[in-house]
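Enquirer: Here is the input, now give the coordinates:
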Amino acid sequence: GGDKDNAIPVDSKAEIVVSDEDIDEIQSLAAAFQEKVRSEFHVCDPVIAIDADVRAEGGYEVFSMALTEKVIFMLMQVPNGIQTMSADLPGLVESSLNLGVLETTEEGVAMTWAIRSSVKSLKELMKDKLRYMTEFLGGEMTFRGEYPEWPFNPDSKICALCKKIYEEQTGEEASIEMIHAGLECGLLSEKMPWLDMVSMGPEMHDIHTSRERLGIASVERTYNLVLTVLKEFKNYCN
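Expert: Presented below is the predicted three-dimensional model:
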């Protein structure tokens, strides 16, 4: 299941080898489980589907019972989702991780997570949890593509300028928010901590999902805002 490590998977599949006389029971179990899951997620995903289709017949190589148990144990016990909320800003997710990709390879079962945190020590804690669980079950863990946190600067001059210009152009009060996401700004901030930065963009919804979409009208507003900020920021920030 899944094809992007930083996105919640839309679907997944498992191939199960059973005897002919067990097919009806498997399909009944899948239907019963679908009803149970739909009841749990009736608000956010009312049409969630679990299907058990009969495919080709024949002989197959299968997981050993020991490997099957290890995979199930990993999926049931490993941390996933929101881990901590910010104490400074109510409602802001502070740290989280998600299982983005799971696949069977010639070497075994591979799982890929995306780890995010605005607090470095909490990010290291999540990495430790994944590593200890994986190594306990006889697996190996590697880390790649790591990016640092980008702390919020309440005294940012460029942020104050963006807020001022936005209000002048729209007649509305600007709302400055922190979001739980990874940005290139963290990499720049780590190398050049003196930089004053702001992140902005057009109106986007359901990012990193199959329902991702963009508000076209907001692109022009953002474009005009950026142009004006570039014209005024030199004098404003000196």
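
Enquirer: Where is the longest helix in the protein?
Expert: When the chain is parsed with DSSP state H, its longest helix is helix 216-237.

Enquirer: for the record, mean pLDDT for stretch 78-93?
Expert: For stretch 78-93, the mean per-residue pLDDT is 89.

Enquirer: same thing with stretch 182-192?
Expert: Here the average pLDDT along stretch 182-192 is 87.

Enquirer: so what does the longest helix of the chain touch, helix or strand wise?
Expert: Applying 3 or more C-beta pairs under 8 Å, 6 or more residues apart in numbering; DSSP states H and E, we find helix 216-237 packed against helix 157-170. The C-beta positions use only the backbone N, C-alpha and C, and glycine is treated the same way.

Enquirer: for stretch 210-222, the distance to its chain's centre please.
Expert: Relative to the centre of its chain, stretch 210-222 is centred 20 Å away, using C-alpha atoms, centre = their mean, to the nearest Å.

Enquirer: got it, and stretch 136-145?
Expert: The answer for stretch 136-145 is 19 Å, by C-alpha atoms, centre = their mean.

Enquirer: Which residues does it contact?
Expert: 70, 73, 74, 108, 127, 130, 131, 134, 135 (C-beta atoms under 8 Å, 6 or more residues apart in numbering).

Enquirer: Just give me the closest of these to residue 188.
Expert: residue 127 (22.6 Å; C-beta to C-beta).

Enquirer: sorry, back to before: which parts of the longest helix of the chain count as buried, going by neighbours?
Expert: 225, 228, 229, 233 (16 or more other C-beta atoms under 10 Å).

Enquirer: do the same with stretch 98-106
Expert: 98, 99, 100, 101, 102.

Enquirer: all strands for this structure, in order.
Expert: 81-85, 93-104, 109-117, 204-205, 213-214 (DSSP state E).

Enquirer: can you redo those as TSV with distance to residue 193?
Expert: Converted to TSV, these look like this (distance: least, C-beta to C-beta, whole Å):
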stretch	distance to residue 193
strand 81-85	24
strand 93-104	21
strand 109-117	18
strand 204-205	28
strand 213-214	32
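
Enquirer: mind checking which of those strands is nearest residue 182?
Expert: Short answer: strand 109-117, nearest of the strands of the chain by C-beta to C-beta, at 5.7 Å.

Enquirer: Alpha carbons of the closest one, as CSV, please.
Expert: The C-alpha coordinates for strand 109-117 follow below in CSV (Å, rounded to 0.1, in the frame of the first residue of the first chain):
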residue,chain,number,x,y,z
VAL,A,109,8.8,-6.6,4.0
ALA,A,110,9.8,-2.9,3.7
MET,A,111,8.0,-0.1,5.5
THR,A,112,8.6,3.6,5.0
TRP,A,113,7.6,6.3,7.5
ALA,A,114,7.7,10.1,7.3
ILE,A,115,8.7,11.7,10.7
ARG,A,116,7.8,15.4,11.5
SER,A,117,8.4,17.5,14.6
